[in-house]
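[1] here is my input; please provide its structure:
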Amino acid sequence: MKTFLNEKRLFPRIEAKLPFRYRVIGQKHVFAARIKDISASGVGFVAEDFIAPSTDLRLEIGIPVKLIYPVARVVWSHAIAHSDRYRVGIEFSRINYRERCNLADYIDEYLFNILKKG
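    You can find the predicted model right below:
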């Protein structure tokens, strides 16, 4: 079991089922997906098609009460066993300060509520 003490990430990552849309920068087609996990520095999600590492994406993420529009770069993409889908990890390469704060506040509130429940 992972704890915050052996977590190497700069920002805490939470499991989330948030809707989002993305498109490869330089292309017009927009894809809809659902986030699996999120932090103030990136997102993990499942894609229907392979997205190569280093691909730049424009995102639209729906956190409660807000939409944020960061740009991200694909860090890794792995085929999911027994599936034709891919698990993808992306890191925000451009996100404005206010959007990162809104996202961090959402994550903090989520973690606070988990701790409060016991």
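
[2] what is the residue positioned nearest the centre of the chain paired to in the beta sheet?
    A centroid search over the chain (CA atoms, centre = their mean) returns V43, at 1.7 Å, as the residue closest to the centre. Legend: beta-bridge partners of V43 under DSSP bridges are I38, I90.

[3] can you verify my assumption that it contacts A72?
    Yes: the pair V43 and A72 passes the contact test of CB atoms under 8 Å, sitting 6.9 Å apart. Bear in mind the C-beta positions are built from the backbone N, C-alpha and C, glycine included.

[4] what residues are shared contacts of those two?
    Jointly contacting V43 and A72 under the rule CB atoms under 8 Å, 6 or more residues apart in numbering are L59, I90, F92.

[5] for the residue nearest to the centre of the chain, what are its contacts?
    Applying CB under 8 Å, 6+ apart to V43 gives the contacts F20, I35, D37, L59, I61, A72, G89, I90, F92.

[6] how about the strand or helix carrying the fourth one: buried residues?
    Using DSSP states H and E, L59 sits within strand 56-63. Counting neighbours by 16 or more other CB atoms under 10 Å, one finds that the buried residues in strand 56-63 are L57, R58, L59, I61, I63.

[7] could you pull out the helices in the protein for me?
    Ranges of helices within the chain are 97-117, based on DSSP state H.

[8] low-confidence bits of it, can you list those?
    1-10, 118 (pLDDT under 70).

[9] now with 50?
    Along the chain, segments meeting pLDDT under 50 span 1-5.

[10] is it correct that F11 is in contact with D37?
    No: with contact defined as CB under 8 Å, F11 does not reach D37; the gap is 11.5 Å.

[11] so what's D84 closest to, chain neighbours aside?
    E48 (7.7 Å; CB to CB, 6 or more residues apart in numbering).
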